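Novice: Below are the sequence and a predicted model for it; my questions follow.
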Amino acid sequence: MIPLLVFLFFTLSLQSISSTPISITLNPKTLTKSGDSVQIQWKGINSPSQLDWLGIYSPPNSSHNNFIGYILLSSSCSNWESGSCSISLPLINLRSNYQFRIFRWTENEINRTNLDQDHNPLPGTDHLLVKSEELEFESGHGPEQIHLSFTDNENEMRVMFISDDGKESYVKFGKKESRLDEVVKTEVKRYEREDMCDSPANGSIGWRDPGFIHDGVMRNLKNGKRYYYKVGSDEGGWSVTHSFISRDGDSDETYAFLFGDMGTSTPYSTFLRTQDESKATIKWILRDMKALGDNPAFVSHIGDISYARGYSWLWDTFFTQIEPVASKLPYHVCIGNHEYDWPLQPWKPNWANKLYGTDGGGECGVPYSLKFNMPGNSSVPTGLRAPATKNLYYSYDAGVVHFVFMSTETDFLPGSNQYSFIKHDLENVDRKKTPFIVFQGHRPMYTTSNEAKDAPFREKILEHIEPLFVKNKVTLALWGHVHRYERFCPMMNFTCASTGLNGQDENLPIHVVIGMGGQDWQPIWEPRPDHPTDPVYPQPDRSLFRGGEFGYTRLFATKEKLTLTYIGNHDGEPHDILEILAPGQDLNGNSGDAVEESSVSWYVKWGSLWVLGAFLGYIVGFISHARKASDLRKSWSPIKTEES
């Protein structure tokens, strides 16, 4: 009897709700560009439930379960209990219209088996209350998601962008903003749902039209000059004018921003957890970009790029988020597990059966391979209809540094094309032109995080790739995957360089994990072997600094010295600084004075980013700490040892 009464009460409640005039309105009904906001207002919801929610749909004919994202009305505004409220929501242009729907959802309808990545139940769609009109984006405002990258030629710059129709588009550029006299036609490519190799990427929930990818190359650029450019066409509209500094092969300085595992942020909940910290990373890099002036620089994002993992619209969100940086600085990447891994990937040796799984969300590297175009011509067939996976391994010179990128997700063992490339590349670096070698890949060779699953990978890369590092005196190895910052001593086979007087060990590579760009899943450090479940994580001698602060690193190098600075997102300040002298340089045993001189020149180079008092306070503490480090190597100078 009681269940029957509950049913009758719930039915009458729904009838009451349905008889109430509920409305939802949009203002404006047309947006201009990605990132613009719409005001969504609703009225007339009787007896609102704390679980009532707003669904975001694009295209508008998507089924109820195939939303882009959702927002609980009770969490979106303070007076939700009145049944009338409004929110402002920034949106990305997905090349199709949007629609918004409000649903009634109650506690007894929660499905504990239909969960998001954080194990929260996804909202139910049984009781639709109201649908909005369609929201569209205006045409004629030009392409979006603009990003630059280097080519194999130092006098070129590549620019890529997205259009909704794939019609003929161009790049106009020149050294004066008022005279964009040079014109380059772009190549166009695209991928289809059938190119995805698994779900959710090829399913109705994850797949969305990716648009058309345009690729143009600006050629015959003069060294180290500012160029202005815009992209588009007279028919489809032109982008705003951007600018960049061309490469300078004769420069004696190198500037770069480096990090891994950044991802993107959405203003709504969705099937996956997104990365709110990524916004702060971009914010502080934008600040530092302004201090560069007319110095060329680039960005290096070493794997786990957008964390789309099969949900197509997250790629659009990511490229929109990085455009303020990537339209001005070349944006370079290497592949990570969340761009690529899927059960049938072509290279999965026995020792890696549990290593390479479903992290790519069924994308099998396709969006990554087509949306970026890195130097070199590396590729690996997928063995399916999907196009070959690209942007795997490559290298280039930037100022006084030779940068090398590898793929930790595809074959790197002796006999593979990648191993041959790495070996040949490292053996042929001109150390007079580029005294420093910076090597980058996604999964780390060294880490003290509790990453037991990756142990077989680390054994193989230590066995086969580390000898190439040591033989060819790689300066610095940067890795992602672990969402923390960790700096090691100069090291080979887990052993720090000795402090002997013969100087033969001083060129061992220094490994730094920089996967703190935005992904907020944080691994624990390795526990004590004899107490694996107790929350004490000792820091081995080889690990000189461990930090849990999100952020990025800045690299600045001259012919004499390379400086890597770890910037924290919560304050935009340095949390760790590493300095490495070029081979043959001598500090005469005075590491304290050298650190002080480097720090002053660093901040001069990057501009007056901090108040003078804070700067001087930092320097005083900085020098004091460095002078206590009497056992440090003559060729490198670390600052700090640990950060909670």
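Specialist: Here it is on my side, so go on. Numbering: from 1, shown residues only.
Novice: and the nearest residue to residue 376 once chain neighbours are set aside, what does it touch?
Specialist: The shortest distance from residue 376 to any non-neighbouring residue, by CB to CB, 6 or more residues apart in numbering, is to residue 394 (3.3 Å). Any C-beta I mention is one placed from the backbone N, CA and C, and that applies to glycine too. Residue 394 sits next to 374-376, 378, 404-405 when contact means CB atoms under 8 Å, 6 or more residues apart in numbering.
Novice: can I get those in JSON lines with distance to residue 212?
Specialist: Below are those laid out as JSON lines (distance: CB to CB, whole Å):
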{"residue": "374", "distance to residue 212": "20"}
{"residue": "375", "distance to residue 212": "23"}
{"residue": "376", "distance to residue 212": "24"}
{"residue": "378", "distance to residue 212": "24"}
{"residue": "404", "distance to residue 212": "32"}
{"residue": "405", "distance to residue 212": "27"}
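Novice: out of those residues, who has the most neighbours?
Specialist: Highest neighbour count within the contacts of residue 394: residue 405, with 28 neighbours (other CB atoms under 10 Å).
Novice: ok, what's across the strand from residue 157?
Specialist: residue 218 (DSSP bridges).
Novice: my guess is it meets residue 246, correct?
Specialist: Yes. With contact defined as CB atoms under 8 Å, residue 157 counts as touching residue 246 (6.3 Å).
Novice: Comparing those two, which residue is more hemmed in?
Specialist: Set residue 157 next to residue 246 and count neighbours by other CB under 10 Å: residue 157 wins out with 24 against 18.
Novice: gap between that one and residue 320?
Specialist: 21 Å (CB to CB, to the nearest Å).
Novice: for this protein, which spans come out with low pLDDT?
Specialist: 1-20, 499-506, 586-644 (pLDDT under 70).
Novice: Please dump the contacts of residue 394 into JSON lines; it should also carry distance to residue 99 and secondary structure for every row.
Specialist: Below are these laid out as JSON lines (distance: CB to CB, whole Å; DSSP: H, G, I helix; E, B strand; the rest coil):
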{"residue": "374", "distance to residue 99": "37", "secondary structure": "coil"}
{"residue": "375", "distance to residue 99": "42", "secondary structure": "coil"}
{"residue": "376", "distance to residue 99": "43", "secondary structure": "coil"}
{"residue": "378", "distance to residue 99": "42", "secondary structure": "coil"}
{"residue": "404", "distance to residue 99": "47", "secondary structure": "strand"}
{"residue": "405", "distance to residue 99": "42", "secondary structure": "strand"}
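Novice: just to revisit the earlier point, what touches both of residue 157 and residue 246?
Specialist: 221, 227.
Novice: What ranges does the stretch 451-600 of the chain have for its strands?
Specialist: 476-479, 485-492, 495-496, 510-514, 543-547, 551-558, 561-568, 574-581 (DSSP state E, counting those that start in this stretch).
Novice: got it, and the stretch 1-150 of the chain?
Specialist: Under DSSP E, counting those that start in this stretch, the stretch 1-150 of the chain gives strands at 23-27, 30-31, 37-43, 53-57, 69-72, 85-90, 99-104, 127-131, 136-137, 144-149.
Novice: who wins for proximity to residue 254 among those strands?
Specialist: In terms of CB to CB, the element of the strands of the stretch 1-150 of the chain nearest to residue 254 is strand 144-149, at 16.7 Å.
Novice: got the CA positions of that closest one in CSV?
Specialist: In CSV, the C-alpha atoms belonging to strand 144-149 read as follows (Å, rounded to 0.1, in the frame of the first residue of the first chain):
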residue,chain,number,x,y,z
GLU,A,144,39.6,29.4,-34.5
GLN,A,145,42.0,27.2,-32.4
ILE,A,146,45.1,28.8,-34.0
HIS,A,147,48.4,27.4,-33.0
LEU,A,148,52.0,27.6,-34.3
SER,A,149,54.9,25.1,-34.5
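Novice: Distance from that strand to the middle of the chain?
Specialist: 14 Å (CA atoms, centre = their mean, to the nearest Å).
Novice: Report all helices and strands that it contacts.
Specialist: Packing contacts for strand 144-149, counted by 3 or more CB pairs under 8 Å, 6 or more residues apart in numbering; DSSP states H and E, involve strand 157-163, helix 313-326, strand 331-334.
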